[in-house]
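Participant: Build me a model:
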Amino acid sequence: MINKTSSVHDLQIELLQDQQTAAAYLKVALDEYQEDGNTEVFLLALRNVAEARGGIGKLAQKTHLNRQSLYQTLSSRGNPRLDTLGKVLLALGFHLSIEAINDTYEAA
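Facilitator: Residues are numbered from 1 along each chain as shown. Just a heads-up that it's a prediction; the model follows:
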């Protein structure tokens with residue numbers, strides 16, 4: 001339960017412990033990236049979900065990736081490789097998926 005002195009960030013982290021809430025949060029962050037090309041919001045979202053799931057140290061253990069490397073990868077200047085992103089998402093209980101934008105594809 002959140003007490004009166006908890007910060008907004010603390011509340012956010014508590015809410016992100018719920019799998020469906022975290023999934024929706026990451027989806028919104030990814031949608032924002034797809035609109036503006038700015039990875040910073042998505043990487044922040046991943047950091048927040050990681051914090052809600054025990055922190056970067058626990059994430060490093062689950063992914064078998066170096067903790068320092070994860071901090072750098074998920075920083076605002078991070079540029080994660082696809083395999084790293086996949087490991088992080090899997091360790092947090094998610095996976096990458098593809099969905100069609102339209103029912104048909106027209107070549108340019």
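Participant: Report the central residue of the protein.
Facilitator: What sits nearest the mean C-alpha location of the chain, by C-alpha atoms, centre = their mean, is residue 46, with 2.3 Å.
Participant: Quickly find the element holding that one.
Facilitator: Assigned by DSSP states H and E, residue 46 belongs to helix 40-52.
Participant: Check the model's average confidence along that helix for me.
Facilitator: Taken as a whole, helix 40-52 has an average pLDDT of 97.
Participant: Provide the contact partners of it at residue level.
Facilitator: With C-beta atoms under 8 Å, 6 or more residues apart in numbering as the test, helix 40-52 has contacts from 12-17, 22, 25-26, 28-30, 32-33, 56, 58-59, 74-76, 78, 80, 88-89, 92. Heads up, the C-betas are built off the backbone N, CA and C, glycines and all.
Participant: ok, now stretch 91-106?
Facilitator: For stretch 91-106, the surrounding residues in contact (C-beta under 8 Å, 6+ apart) are 19, 22-23, 26, 46, 49-50, 53, 59, 62-63, 85-86, 89.
Participant: Mind giving me the PyMOL select for these, buried ones only?
Facilitator: What follows is the PyMOL syntax selecting those of those that are buried according to 16 or more other C-beta atoms under 10 Å:
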select buried, resi 22+26+46+49+50+53+59+62+63+85+89
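Participant: Out of the contacts of stretch 91-106, which sit inside helices?
Facilitator: 19, 22-23, 26, 46, 49-50, 59, 62-63, 85-86, 89 (DSSP state H).
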